[in-house]
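J.: Provided below are the primary sequence and the corresponding predicted coordinates.
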Amino acid sequence: MAVQISPSILSADFARLADEAARVEGVADWLHVDVMDNHFVPNLTLGLPVVEALLRATPIPVDCHLMIEDPDRWAPGYAEAGAGSVTVHAEAAKAPVRTLRAIRAAGARSGFALNPATSIEAYEDLLPEIDMLLLMTVEPGFGGQRFLDVVLPKITRTRALIEKHGGEIWLQVDGGVSAETIERCAAAGADVFVAGNAVYAADDPAQAVRDLRALALAHPRLG
Ligand code: DX5
Ligand code: ZN
């Protein structure tokens, strides 16, 4: 199973985003960008103009995680701007099939995110529309929170569903992923790992990415 690491710039210096991206260039597979609107989550970060600027400033593919209301309206614009992956939340999308198709039609990978309390089983029929499932392992809104072990059984169940449907969908975990928790996520079946604090609070972010990847590779999926 391929392991991918997606450092979250939520924990980077927002005044120096291009430099912060450059610190993980060559080691990170993606750059995870958390778009928050202060409505879907109680925090406000950045939007399309900043993502467009970042796309011009880094060669790293951008992984946009939209924690916003009305993603049906806004998500296709991020794909059209050139984001490699655009993820919308199950709890916010009112027309997820149309929106996931619009993301793909604009040339990006379609991502679908579930909060810790949202079950995957209700969405099995949508799997053909999805390139990546994102399981939140904290309540969304802030970096640096504690990993929620309560989500681990859902990671295992989601991996089983993905395998049942051909195994092509990537399974991303986001929130509290660190050297202490990444092994559990990998063993449960995750293959794309978002890490904010664990990368950008480290003295050497590039080395932190390498270390996380090595830990994930050393703990392949059980069963
Ligand atoms: C939280 C965001 C995460 C956040 C993760 O709502 O979706 O991407 O940046 O940060 P850490 O890795 O510090 O928990
Ligand atoms: Zn995120």
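T.: Good, I have the coordinates. Here the structure is a predicted model, which means the values were calculated and not measured. Numbers count the residues shown, from 1 in each chain. Ligands and ions are numbered 1, 2, ... in the order given.
J.: hey, let's count contacts and neighbours off CA atoms from now on
T.: Will do.
J.: what does the protein put close to ligand 1?
T.: Residues of the chain found near ligand 1 (CA under 6 Å from any ligand atom) are 8, 10, 34, 140-145, 174-177, 195-197.
J.: can you tell me which of those residues are in strands?
T.: 34, 174, 195 (DSSP state E).
J.: Kindly indicate the member of these with the most neighbours.
T.: Tallying neighbours with other CA atoms under 10 Å puts residue 195 at the head of these, with 30 neighbours.
J.: right, and it touches residue 176 too?
T.: Yes - the criterion here is CA atoms under 8 Å, and residue 195 meets it with residue 176 at 7.2 Å.
J.: Now for those two: what residues contact both?
T.: Here residue 195 and residue 176 have no joint contacts, going by CA atoms under 8 Å, 6 or more residues apart in numbering.
J.: For this structure, give me the ranges with low pLDDT.
T.: 1, 223 (pLDDT under 70).
J.: For it, which segments count as helices?
T.: 17-22, 48-57, 71-81, 96-105, 152-164, 182-188, 197-200, 205-217 (DSSP state H).
J.: I'd like the ones you listed written out as CSV, with mean neighbour count added.
T.: CSV is the format used below for the helices of the chain (neighbours: other CA atoms under 10 Å):
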stretch, mean neighbour count
helix 17-22, 18
helix 48-57, 15
helix 71-81, 20
helix 96-105, 19
helix 152-164, 18
helix 182-188, 23
helix 197-200, 24
helix 205-217, 20
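J.: circling back to that earlier point, just the buried residues from the residues of the chain next to ligand 1, in ChimeraX please.
T.: Selection of buried members from these for ChimeraX, criterion 16 or more other CA atoms under 10 Å:
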select :8,10,34,140,141,142,143,144,174,175,176,177,195,196,197
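J.: picking up where we left off before, identify, from the ones in strands among the residues of the chain next to ligand 1, the entry nearest to ligand 1.
T.: residue 195 (3.8 Å; CA to the nearest ligand atom).
J.: Contacts only, for the closest one.
T.: 5-8, 174-178.
J.: try 10 Å
T.: Residues near residue 195 by CA atoms under 10 Å, 6 or more residues apart in numbering: 5-11, 31-32, 143-144, 173-179, 182, 208-209, 212.
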